[in-house]
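Undergrad: A structural model of the following input is requested.
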Amino acid sequence: MFTRLTDDQVTWTDGTTERLDMPILATGYRPHLPYLAGLDGALDPAGHPHHRGGASPARPGLAFAGLEWQRSPSSNTLRGVGRDAARAARRLAARLARS
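TA: Below is the predicted model:
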């Protein structure tokens with residue numbers, strides 16, 4: 001695991017850093033995202049993902065998938081997460097293509 005995540009790099013537990021183009025993180029069944037607390041606008045005051053349809057309005061390169069009621073009632077289920085993940089992946093790929 002890492003100890004810090006910024007816009008373009010990760011800091012590992014041994015203190016080394018590495019540049020990232022697009023991190024993809026899996027958090028499990030419940031969002032637990034304290035490592036995003038240092039990214040202004042990534043989380044709301046309660047520590048929940050701040051998003052609109054899975055996309056972070058404050059962080060253009062940040063997207064979420066699998067959140068409850070992200071885009072539909074099935075967003076956090078095996079039945080619906082694929083649609084939301086595909087949408088997030090398309091948005092992020094388009095962003096990378098522009099940079």
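Undergrad: Against residue 89, how distant is the residue sitting furthest away from the middle of the chain?
TA: In terms of distance from the mean C-alpha position of the chain, residue 14 ranks first, at 23.4 Å (CA atoms, centre = their mean). From residue 14 across to residue 89, the span is 30 Å (CB to CB, to the nearest Å). Every residue, glycine included, has its C-beta placed from N, CA and C.
Undergrad: Same check on residue 71?
TA: The gap separating residue 71 from residue 89 is 14 Å, by CB to CB.
Undergrad: For these two, work out which one has more neighbours and name it.
TA: More crowded of residue 71 and residue 89, by other CB atoms under 10 Å: residue 71, with 17 against 14.
Undergrad: Can you get me a residue count around the residue nearest to residue 34 when sequence neighbours are not counted?
TA: In space, and not counting its chain neighbours, residue 34 is closest to residue 47: 7.1 Å by CB to CB, 6 or more residues apart in numbering. Using other CB under 10 Å, residue 47 is surrounded by 13 other residues.
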